[in-house]
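Fold the following.
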Amino acid sequence: AAYHDEITQALITFFEGGTIAAPKNAFRRATLTAFQDAFDLGYSDGGGELPVDAEANAWLEARTQEEFGNVDALFEQAKELRKDKKFDYPVWIAARADGYSSTVMSVYNSAALMAKKNQMLTFRLGQAEKHCRTCASLNGKMHRASWYISHDYIPRKAGCALECGGYNCACWLEDSDGNEVTI
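Sure, this is the predicted structure:
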């Protein structure tokens, strides 16, 4: 919620006549904090102990840099949209804030899986009318958490390698005790 609010405020500041640098930097700082907090929480909830190892740190750094690129592209788009004085920016801002906020959950899920490394997890189909081929083929199969990460088969992670891209995916990973690992 805090990340959503900070994103919203940064974009409002820009659309109401601010320069691009300050709001973009505010957005990036909020991203850095939200990603680190989500990663630490996910890693701890996944059973890992902080501080994380170098490999996990490198993953988080790469994912954060990727998101910074997305933020830069967003502000370039916003710069063009701001030229249209009739543009309904509050609706656009709300949609962008919702989308960017949801990425924090994928950082949490990835961290929880990293903490589980060699633990065997079972892929389970969620409640959906139709499943993508990847999810359907993985249903009931067991792999190490590290395998799911290396293949980017993380249910509900937007932009993952599942055919559905994780968008609107209701599937999950389950540990040997029947506990859902991804949220």
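
Could you look up the SS state of F123?
State at F123, reduced to three classes by DSSP: H, G, I helix; E, B strand; the rest coil: strand.

so what's it up against?
Shown here is F123, whose contacts under the criterion Cβ atoms under 8 Å, 6 or more residues apart in numbering are 135, 138-143, 148, 153, 155, 171, 173-174. C-betas here are computed from N, CA, C, even on glycine.

Distance check, the nearest residue to P155 once chain neighbours are set aside against V104.
The spatially closest residue to P155, leaving aside those adjacent along the chain, is C171, at 4.0 Å (Cβ to Cβ, 6 or more residues apart in numbering). In this structure, C171 and V104 are 20 Å apart, going by Cβ to Cβ, to the nearest Å.

Looking at those two, which is more packed in?
Set C171 next to V104 and count neighbours by other Cβ atoms under 10 Å: C171 wins out with 25 against 20.

just checking, the more buried one touches R156?
Yes. Counting by Cβ atoms under 8 Å, C171 does reach R156; the two are 7.4 Å apart.

Show me the shaky parts of the chain.
Scanning the chain with the threshold set as pLDDT under 70 gives 183.

those strands in it, which residues are they?
Per DSSP state E, the chain carries strands over the ranges 120-124, 142-144, 172-174.
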